[in-house]
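>>> fold the following and give me the result.
(one chain, ligands or ions: 1)
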Amino acid sequence: DASLRRIENTKSLNAFITVTHDIAHEQAKESDKRHSKGESKGELDGIPIAVKDNFCTQGVLTSCGSHMLSNFLPPYNATVVSRLQDAGTVMVGKCNLDEFAMGSGTVDSIYGPTKNVWGSNVPYEVLNSPPSKQRSASHEKSANLDEDWHIAGGSSGGSAVAVATGSCFAALGSDTGGSTRNPAAYCGVVGFKPSYGLVSRHGLIPLVNSMDVPGIIARSVEDVTSVLNAIAGPDDNDSTTVRQSFSNISLEETVTLKGLRIGIPKEYQNSSMSQEMIEVWRYAASILNEGGATVSEVSLPHTSSSIACYSVLNQCEVASNMARYDGLRFGIRGTDTSSTEQLYAETRSRGFNEVVRSRILSGNYFLLKRNYEKYFVKALKVRRLIKRDFDNVWNNNIDILLTPTTLSQAPRLSDFRQHDNQTQCVTQDYCTQPANMAGIPAICLPIRLSTDGLPLSLQFMAPMFQESTLMKTALWLQ
Ligand code: GLN
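Down below sits the predicted model:
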């Protein structure tokens with residue numbers, strides 16, 4: 001009830017597309033019943049969670065923030081959703097996102113943008129107002145594009161705001177180029193991207209199949225770890241999950257940094273990085289060093305090619321993935337049935353926003369027979385080089401990398417919207433995207449506030465499947 005109340009009290013931030021009152025009440029009742037019998041499904045039993053609206057939830061609208069799927073009720077649950085259900089969690093709702101997770105601000109959803117709670121005018125008393133005062137307290141309009149506020153980051157902005165406002169303890173995001181970590185950083189919470197193949201993508205509506213992973217947003221490293229323990233491991237419905245069974249990560253033993261070698265990749269210091277971010281980065285490196293870790297500068301020479309390479313690969317996979325939305329099998333259907341082509345064309349131009357349509361167009365261009373080698377194959381080769389950079393660093397005895405998560409604090413909407421979606425990705429995803437290219441795990445956590453009072457966040461990256469080291473190091477710094 002407190003969670004649902006908090007969602008209501010922070011409605012003006014527009015974090016949720018659907019609030020699942022009935023499911024939440026039913027699941028909470030079941031959990032109460034178990035607890036009263038002295039039974040429990042584990043540490044997540046009864047814990048309120050939220051789910052990004054690109055994970056299939058049986059019988060519950062799964063819109064991807066798009067007109068195309070504005071009537072889509074999936075007949076099944078994504079694997080991660082059923083695993084959370086099996087762990088006894090209570091789903092309070094489905095969270096807002098950029099259309100089909102294409103974006104980094106949560107400003108491109110047909111349900112309107114999501115506002116950051118930091119720097120917003122939701123007073124603390126409103127967050128905590130009792131139900132009787134709630135009606136009079138929550139009269140603001142939903143986030144509006146005509147006003148200026150700090151963006152929530154994206155594309156999982158709804159999930160990050162849901163956690164940051166205390167509407168739930170954890171939320172699922174998805175991460176293809178930084179979509180879990182970027183909003184977590186801007187909203188001052190912890191964001192985690194697992195190794196590719198550790199957590200099932202079955203039921204996560206695809207953006208870039210070769211890079212997508214379900215992500216976790218929570219308020220602490222411990223909470224993220226609890227959720228990971230519940231959802232990780234092989235899945236027969238996703239052939240890209242690793243076959244080995246997953247052993248739960250335990251954060252119980254005292255964490256020590258003795259012997260840990262931390263690398264600071266010099267190429268991450270981009271010329272657009274804010275001075276405050278550079279200082280926080282230095283500060284964290286120095287306390288890790290004092291804590292017993294060996295901190296040294298390393299080089300990942302192909303870092304700056306990551307975004308260009310990503311934009312080619314993203315658009316090629318998008319062009320292929322979006323072909324399923326033809327107005328016949330999923331979602332909305334156009335009315336012009338004069339020919340099959342007309343029906344496709346009308347459905348798709350009505351169903352998709354400009355960002356999605358332009359990515360489909362560029363993707364098909366890159367995949368033309370005459371361009372295929374020049375763009376797609378070349379981008380795959382560059383991807384290999386980016387991955388190799390990481391391998392070289394690990395082979396040189398580095399255990400973990402420390403970088404900022406974003407180049408600055410959450411920008412204001414007016415500044416963010418000075419650039420188009422493509423250019424937004426160039427700055428927003430600079431530090432996060434390479435981890436998706438290489439498939440490696442990464443976690444970001446807030447370190448301190450900027451002089452404007454907004455969160456500044458750093459990111460750790462580790463070799464494939466080294467989640468345990470990643471969590472323990474992040475816990476130490478937390
Ligand atoms: N900003 C990137 C994009 O728009 C990444 C999005 C994501 O990680 N889902 O494609």
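
>>> how about the nearest residue to Ile287 once chain neighbours are set aside, what does it touch?
Using Cβ to Cβ, 6 or more residues apart in numbering and skipping the chain neighbours, the partner closest in space to Ile287 is Leu477 (7.5 Å). Quick note: C-beta positions are derived from backbone N, CA and C, even for glycine. By Cβ atoms under 8 Å, 6 or more residues apart in numbering, the residues touching Leu477 are 284, 287-288, 445, 447, 458, 460.

>>> which of those sits closest to Thr57?
Distance to Thr57 across the contacts of Leu477 (Cβ to Cβ) is lowest for Leu445, with 28.1 Å.

>>> do you know how far that closest one is from the ligand?
To the ligand, Leu445 is 18 Å away according to Cβ to the nearest ligand atom, to the nearest Å.

>>> how many other residues sit next to that residue?
Using other Cβ atoms under 10 Å, Leu445 is surrounded by 26 other residues.

>>> ok, now the one 10 residues further on?
Neighbours of Pro455 under the rule other Cβ under 10 Å: 23.

>>> now do Gly166
So Gly166, with other Cβ under 10 Å, has 18 neighbours.

>>> secondary structure element for it?
Gly166 is part of no helix or strand, with elements assigned from DSSP states H and E.

>>> surely it touches Arg5?
No - here Gly166 does not reach Arg5: they are 10.4 Å apart, not a contact under Cβ atoms under 8 Å.

>>> ok so, going back, put together a markdown table for the contacts of Leu477, with secondary structure, distance to Asp108 and pLDDT on each row.
Below are the contacts of Leu477 laid out as a markdown table (DSSP: H, G, I helix; E, B strand; the rest coil; distance: Cβ to Cβ, whole Å; pLDDT from 0 to 100):
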| residue | secondary structure | distance to Asp108 | pLDDT |
| --- | --- | --- | --- |
| Ala284 | helix | 32 | 98 |
| Ile287 | helix | 38 | 97 |
| Leu288 | helix | 37 | 98 |
| Leu445 | strand | 27 | 98 |
| Ile447 | strand | 29 | 97 |
| Leu458 | strand | 27 | 98 |
| Phe460 | strand | 29 | 98 |
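
>>> restricted to buried residues, select these in ChimeraX.
To isolate the buried members of the contacts of Leu477 in ChimeraX, using 16 or more other Cβ atoms under 10 Å:
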select :284,288,445,447,458,460
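
>>> skipping adjacent residues, who's closest to Ile7 in space?
Ser167 (4.7 Å).

>>> correct me if wrong: that neighbour contacts Arg6.
Yes - counting by Cβ under 8 Å, Ser167 does reach Arg6; the two are 4.5 Å apart.

>>> give me the more crowded residue out of these two.
A direct count of neighbours by other Cβ under 10 Å for Ser167 and Arg6 places Ser167 higher, at 30 against 22.

>>> quick one: contacts for the more buried one?
Applying Cβ under 8 Å, 6+ apart, the residues contacting Ser167 are 3, 6-7, 10, 15-16, 48, 50, 92-93.

>>> ok, now with 6 Å
3, 6-7 (Cβ atoms under 6 Å, 6 or more residues apart in numbering).

>>> can you check Tyr310 too?
Contacts of Tyr310 by Cβ under 6 Å, 6+ apart are 177, 433.

>>> can you classify it by secondary structure?
Three-state assignment for Tyr310 (DSSP: H, G, I helix; E, B strand; the rest coil): helix.

>>> what of Asn397?
Strictly by three-state DSSP, Asn397 counts as coil.

>>> same question for Ser82.
helix.

>>> show me what from the stretch 51-200 of the chain comes close to the ligand.
With Cβ under 6 Å from any ligand atom as the criterion, the stretch 51-200 of the chain comes near the ligand at residues 101-104, 155, 174-179.

>>> out of the residues you listed, who's nearest Tyr375?
Gly177 (17.7 Å).

>>> pLDDT value on the closest one, please?
You'll see Gly177 listed with a pLDDT of 97.

>>> try Asn144
Asn144 carries a pLDDT value of 73.

>>> ok, and what's touching the one helix or strand Phe192 maps to?
In the assignment (DSSP H and E), Phe192 maps to strand 190-193. The contact list for strand 190-193 (Cβ under 6 Å, 6+ apart) reads 175, 180-181, 184, 213, 215-218, 221, 224, 442-445.

>>> out of these, which are inside helices?
181, 184, 221, 224 (DSSP state H).

>>> where does the stretch 301-450 of the chain get nearest to the ligand, residue-wise?
Cys425 (4.3 Å; Cβ to the nearest ligand atom).

>>> what is the burial count for that residue?
Neighbours of Cys425 under the rule other Cβ under 10 Å: 23.

>>> nearest residue to it other than its sequence neighbours?
Ser104 is the one closest to Cys425 (Cβ to Cβ, 6+ apart), at 5.8 Å.
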